[in-house]
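[1] below are the sequence and a predicted model for it; my questions follow.
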Amino acid sequence: MSVAANGNGGAFVQIRDVSKWFGELQVLDKITLDVPEHDVVCLIGASGSGKSTLLRCLNLLEQVNEGEIVVDGVRLTHEKIDVNELRRKIGIVFQAYNLFPHMTVLQNVMLAPRKALGISRDEAEERARPLLRRIGLEAKADEYPDRLSGGQQQRVAIVRALAMQPKLMLLDEITSALDPQLVSDVLDLVRELADSGMTMILATHEMGFAREVADKICFLDGGCILEEGPPEQIFRDPREPRTRQFLARVLEAERMS
Amino acid sequence: MHAFRQVIHAFFNPHSYTLAIPDVWAGFQVNLKMMGIAEVLVLVFALSIAIVRGLPGPAAKPLRALAIAYTDFFRGTPIIVVSFLIGFGLPGLQLAGISNQSNMVYGVITLTLVYTAYVTEVYRAGIESVHASQRSAARSLGLSYFQSMRYVVIPQAVRRVIPPLLNDFIGLQKDTAIVSVIGVSEAALTAQQFSNRNGDFPSYVVAAVFFVLITIPLARFTDHLVQERERKERAQAF
């Protein structure tokens, strides 16, 4: 994997000693992580371990209290940063899809390119339609989101982010709200993205999928990265007892379902 | 029997109606005009003030305070007092452009000031009812604060507040009669003058019927929207 040409020679995403508190509660505790360009990093860990918060900090939906984040050579934690400019390069997809219910599928995908990038309607549509075709939903272009299944909505949410042609995608437990039979379509799309070289950070409970697509797995516990490494090592031979415990519990739950 | 005949004569004298209807109708056109103009102004001003009240950050604090002061004052003051303040107060200032307007203009200003305060609260409730995740989604796509408000939050908020907003408009339509106290020759005042001249009351009945006739369609339309929404929400719950 190549090192990003971002001026200071570091990785595409550099997270240094990042801490965050919600009031008294510390949710991130000195997180340090590098993500080279075109890599896929999966964050695993129990609910409340800080995965979502870390992702939200990466596109400034949350402010970090300490530490430094650099994405593509831009220091996010700098005060004078243009938040909107930065977010155009970083797509995020949420667990609850968050499509805009008052807009059609096509309008959902076209909104940000048109308004945030200022491209014309036709151009935005030229961008949006192939993306919808790619996920097999071009026929649904003029439907409203509530007419779509959860899996379809989530795939629209992904291409809505892709329409901004981001350099980094953050996926926050995007299959957690889906019925099991709808998960695979969404994961197929993410796999395709990974294969195309998109830099991605995923928070996920899908261990099988994490193992397959990730270049690196980070196990978060109590706001810390307790253990990180290549998937083979983490899943086969976790060093930390807590990682082992967590994986055992998750695999147990998967067998039960 | 005598009392009955008296009631008939005082309220239901057909001849009186033939005279009262055109008279009160002429006045009612002033009500319609005031309603129309005030409603448009209220929609625009109330949305602006609701947006100002929601502005984030410490820099916007004075603006927010101003918006709060405005709504507090005009929601708390009886409309008849505002009528006097505007209808007698503004002409008393003797300022060019402000003090030489017609009574109808002062009536419209009064209605707009008061109902903007109510409708601001309605809009605000609507804006706050749009889930924070919608804003996150919009902002994370790179839209600015105002763009997310404009394209994502406000369209959803406005759809939700249409029924309560129409309820306030029913109130506004009726309150066009109150500004008669500053001498606007609208239906209520015309009816009163007619009644004084003729010594009977059909003119009031006519005025009442005019108001009811324009309120009923609006009320039914509001009911219809509420039912429509409930139906939709039930459908979504499955």
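    Now that the structure is in, tell me what you want to look at. Numbers count the residues shown, from 1 in each chain, chains lettered A, B, ... in the order given.

[2] max-length helix in chain B?
    Ordering each helix of chain B by length in residues (DSSP state H) puts helix B:14-54 first.

[3] could you pull up the mean pLDDT of that one?
    Average pLDDT, helix B:14-54: 94.

[4] do the same with stretch A:86-95
    For stretch A:86-95, the per-residue pLDDT averages 93.

[5] quick one: end-to-end distance for it.
    End-to-end span of stretch A:86-95 (C-alpha to C-alpha, to the nearest Å): 22 Å.

[6] quick one: it near chain B?
    Yes. Contact of stretch A:86-95 with chain B (C-beta under 8 Å from any C-beta of the partner chain) involves A:Arg87, A:Arg88, A:Ile90, A:Gly91, A:Ile92, A:Phe94. For glycine as for every other residue, the C-beta is placed from the backbone atoms N, C-alpha and C.

[7] can you say which of those residues are buried?
    A:Arg87, A:Arg88, A:Ile90, A:Gly91, A:Ile92, A:Phe94 (16 or more other C-beta atoms under 10 Å in any protein chain shown).

[8] ranges for the strands of the stretch 151-257 of chain A?
    A:168-172, A:199-203, A:216-221, A:224-229 (DSSP state E, counting those that start in this stretch).

[9] just put the residues of stretch A:86-95 next to chain B in JSON lines and tack on secondary structure.
    As requested, the residues of stretch A:86-95 next to chain B are exported to JSON lines (DSSP: H, G, I helix; E, B strand; the rest coil):
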{"residue": "A:Arg87", "secondary structure": "helix"}
{"residue": "A:Arg88", "secondary structure": "helix"}
{"residue": "A:Ile90", "secondary structure": "strand"}
{"residue": "A:Gly91", "secondary structure": "strand"}
{"residue": "A:Ile92", "secondary structure": "strand"}
{"residue": "A:Phe94", "secondary structure": "coil"}
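
[10] which of the helices or strands spans A:Lys115?
    Following DSSP states H and E, one finds A:Lys115 within helix A:105-116.

[11] contacts for that helix next, please.
    A:84, A:88, A:99-100, A:103, A:119-121, A:123-125, A:127-129, A:131-132, A:137, A:140-145, A:148, A:156, A:159-160, A:163-164, B:141-144, B:147, B:151-152 (C-beta atoms under 8 Å, 6 or more residues apart in numbering or on different chains).

[12] ok, now stretch A:188-205?
    Residues from elsewhere that reach stretch A:188-205 (C-beta under 8 Å, 6+ apart): A:12-13, A:35-44, A:51-52, A:54-55, A:58, A:135, A:155, A:158, A:162, A:167-176, A:209-210, A:212-214, A:250.

[13] who are the contact partners of the spatially most central residue of chain B?
    What sits nearest the mean C-alpha location of chain B, by C-alpha atoms, centre = their mean, is B:Leu172, with 2.9 Å. Contact analysis of B:Leu172 by C-beta under 8 Å, 6+ apart lists B:Met35, B:Ala38, B:Glu39, B:Val42, B:Leu111, B:Tyr115.

[14] can I have the buried ones of the contacts of stretch A:188-205 as a PyMOL selection?
    The PyMOL command for the buried members of the contacts of stretch A:188-205 (criterion: 16+ other C-beta under 10 Å) is given here:
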select buried, chain A and resi 12+13+35+36+37+38+39+40+41+42+43+44+51+52+54+55+58+135+155+158+162+167+168+169+170+171+172+173+174+175+209+210+213+214+250
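
[15] spell out which parts of the stretch 51-200 of chain A neighbour chain B.
    Counting by C-beta under 8 Å from any C-beta, the stretch 51-200 of chain A sits next to chain B at A:59, A:61, A:83-85, A:87-88, A:90-92, A:94, A:96, A:98-102, A:111-112, A:115-117, A:146, A:160-161, A:164.

[16] buried among those residues? Make that a PyMOL selection.
    Buried subset of these, written as a PyMOL selection, criterion 16+ other C-beta under 10 Å:
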select buried, chain A and resi 59+61+84+87+88+90+91+92+94+96+98+99+100+101+102+111+112+115+116+160+161+164
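
[17] which other helices and strands contact the host helix or strand of B:Ser195?
    Assigned by DSSP H and E, B:Ser195 falls within helix B:187-198. In terms of contacts (3 or more C-beta pairs under 8 Å, 6 or more residues apart in numbering or on different chains; DSSP states H and E), helix B:187-198 is packed against helix B:14-54, helix B:202-237.

[18] buried deepest among these, which one?
    Ranked by mean neighbour count, these are led by helix B:14-54 with a mean of 18 (mean count of other C-beta atoms under 10 Å in any protein chain shown).

[19] circling back to that earlier point, just name the closest of the residues of stretch A:86-95 next to chain B to B:Leu66, please.
    Lowest distance from B:Leu66 to these (C-beta to C-beta) belongs to A:Arg87, with 31.0 Å.

[20] you'd agree that closest one is up against A:Leu58?
    No. At 10.1 Å, A:Arg87 and A:Leu58 do not qualify as touching, with contact defined as C-beta atoms under 8 Å.

[21] any regions of the stretch 1-150 of chain A where pLDDT drops low?
    Scanning the stretch 1-150 of chain A with the threshold set as pLDDT under 70 gives A:1-9.

[22] all helices of it, in order?
    Taking DSSP state H, counting those that start in this stretch, the helices of the stretch 1-150 of chain A run over residues A:51-58, A:83-89, A:105-116, A:121-134, A:150-162.

[23] what sits up against the first one?
    Applying C-beta under 8 Å, 6+ apart, the contact partners of helix A:51-58 are A:13, A:15, A:18, A:20, A:27-28, A:31, A:43-45, A:62-64, A:69, A:71, A:76, A:90, A:92, A:168, A:170-173, A:201, A:203, A:220.

[24] then stretch B:38-52?
    With contact meaning C-beta under 8 Å, 6+ apart, stretch B:38-52 is reached by B:60, B:63-64, B:66-67, B:70-71, B:108, B:111-112, B:115-124, B:127, B:149, B:154, B:158, B:169, B:172, B:176.

[25] can you check stretch A:33-44 too?
    A:1-4, A:10-15, A:51, A:54-55, A:167, A:194, A:197-205, A:207, A:210, A:213-220, A:225, A:228, A:231, A:246, A:250.
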